[in-house]
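Peer 1: Next come a sequence and a model predicted from it.
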Amino acid sequence: MPSKILIVGACGQIGSELTLALRDIHGNDAVVASDIKSPSSALLSKGPFEVLDATNYDDFKTLVSKHQIDTVYMMAAMLSGTAEKYPEKGWDLNMTSLFNVLNLGKEELISKIFWPSSIAVFGPTTPKVDTPQQTIMEPTTVYGISKQAGERWCAYYNKRYGVDVRSIRYPGLISYKTPPGGGTTDYAIEIFHEALKSKAYTSFLSEDTALPMMYMDDAIHATISIMEAPSDKIKIRSSYNLSGVSFTPEELAQQVKNQIPEFQMNYNPDFRQAIADSWPDSIDDTEARTDWGWTHDFNLEMIVKEMLEGVKSLEEVN
Ligand code: AKB
């Protein structure tokens, strides 16, 4: 029987683009999109959509059996900035949704799971430059703690129950198609909208805050690649380091200025500065490259060009 896929959190920043990419590969009917909130028209018109609260196990199970789902991409999560405002809600959403999908795997109701982790699993005591796959991990944010705990549970369910769960530690993701969802790396998206609208942007991170980042197309490619890889190639069952580019707000502003010379960047760091300061500057992803052949395509210059063109085209449509 052909694979039937469920995306949970399909209206989110990654979920929306992942849904469209998977529908291009497998056909619209093979990919069921779901979210707790209403979908965008592009998602709705192209294939099946279901409203789902991922923290409700019974509803999750019913949906899986209704559509005979065998693969779940569990993309619903509360990101770092928002989870600092609502710590218990963040913990509950991030952990309960993960347990639900892992238990569907344990009960053999689904056969393959993707779950996103993040560079937020690292903390201030982690080596900052070229952070290795295995290293000190003492996260200081709710989001980071939930992702680190989640990674341990993924490895546990794989070892103890044989659940085929695969995961990536996403860096900050940059895209123009869907707005970002309350993360610390969101400045690297907002800057493009403001540069085109008002030729100025005030960054909530300081000019010299280097962070690992990636263009969304690379992230979608990585997500689909790790899921398509033969099971024996996935040697790490917690989560893989993944690297694209690394830059500071000042370096990004300079690239934007190269395209829009009048652009003015200002800095007014807020509570997210402390979160960013606790994360790595850059990531070593040798294992992902060796085990399942990961490569990235987009450098900073390409990202800036794509983002300015993409945001401009969105504004012309609206
Ligand atoms: C965030 O900033 O919270 C996310 C992430 C790095 O996981 N973009």
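Peer 2: Good, I have the coordinates.

Peer 1: what about the closest residue to Gln259 other than its chain neighbours, how many neighbours?
Peer 2: In this structure, Gln259 finds its nearest non-sequential neighbour in Leu308, 5.7 Å apart by Cβ to Cβ, 6 or more residues apart in numbering. For glycine as for every other residue, the C-beta is placed from the backbone atoms N, C-alpha and C. Leu308 is flanked by 18 other residues according to other Cβ atoms under 10 Å.

Peer 1: likewise Arg237?
Peer 2: When neighbours are counted by other Cβ under 10 Å, Arg237 comes out with 18.

Peer 1: residues in contact with it?
Peer 2: Arg237 is in contact with Cys154, Ala155, Asn158, Lys159, Val165, Arg166, Ser167, counting by Cβ atoms under 8 Å, 6 or more residues apart in numbering.

Peer 1: mind redoing it with 7 Å?
Peer 2: For Arg237, the contact set (Cβ atoms under 7 Å, 6 or more residues apart in numbering) comprises Cys154, Ala155, Asn158, Val165.

Peer 1: domain parsing for the protein?
Peer 2: 5-172+214-241, 176-213+245-317 (automatic domain parsing).

Peer 1: could you pull out the strands for the stretch 201-318 of the chain?
Peer 2: 211-215, 240-241, 245-247, 264-267 (DSSP state E, counting those that start in this stretch).

Peer 1: how about the second one against the ligand, any contact?
Peer 2: No - counting by Cβ under 6 Å from any ligand atom, the ligand has no neighbours in strand 240-241; the shortest distance is 12.7 Å.

Peer 1: So which residues on the stretch 151-300 of the chain come close to the ligand?
Peer 2: Going by Cβ under 6 Å from any ligand atom, the residues of the stretch 151-300 of the chain near the ligand are Tyr170, Gly172, Leu173, Gly183, Thr184, Thr185.

Peer 1: Now this structure against the ligand: closest residue?
Peer 2: Gly183 (2.6 Å; Cβ to the nearest ligand atom).

Peer 1: Quick check: that residue touching Ser80?
Peer 2: Yes - assessed by Cβ atoms under 7 Å, Gly183 is found in contact with Ser80 at 5.5 Å.

Peer 1: Among these two, which residue is more densely surrounded?
Peer 2: Between Gly183 and Ser80, counted using other Cβ under 10 Å, Ser80 has the larger neighbour count: 29 against 25.

Peer 1: Distance-wise, check the residue of the chain most remote from its centre relative to Glu250.
Peer 2: Counting by Cα atoms, centre = their mean, the extreme residue of the chain relative to its mean C-alpha position is Glu262, 32.2 Å from that point. According to Cβ to Cβ, to the nearest Å, Glu262 and Glu250 sit 17 Å apart.

Peer 1: Can you tell me which helices and strands the helix or strand of the chain with the lowest mean pLDDT packs against?
Peer 2: The weakest-scoring helix or strand in the chain, judged by mean pLDDT, DSSP states H and E, is helix 41-46 (a mean of 74). If you count contacts as 3 or more Cβ pairs under 7 Å, 6 or more residues apart in numbering; DSSP states H and E, helix 41-46 packs onto helix 13-26.

Peer 1: for the helix or strand that the helix it packs on is followed by, packing partners?
Peer 2: Note on helix 13-26: by DSSP states H and E, the next helix or strand toward the C-terminus is strand 31-35. If you count contacts as 3+ Cβ pairs under 7 Å, 6+ apart, strand 31-35 packs onto strand 5-8, helix 13-26, strand 49-51.

Peer 1: 6 Å instead, please
Peer 2: strand 5-8, helix 13-26 (3 or more Cβ pairs under 6 Å, 6 or more residues apart in numbering; DSSP states H and E).

Peer 1: what's the first one packed up against?
Peer 2: To tie it back to what came earlier, the one meant is strand 5-8. If you count contacts as 3+ Cβ pairs under 6 Å, 6+ apart, strand 5-8 packs onto helix 13-26, strand 31-35, strand 71-74.
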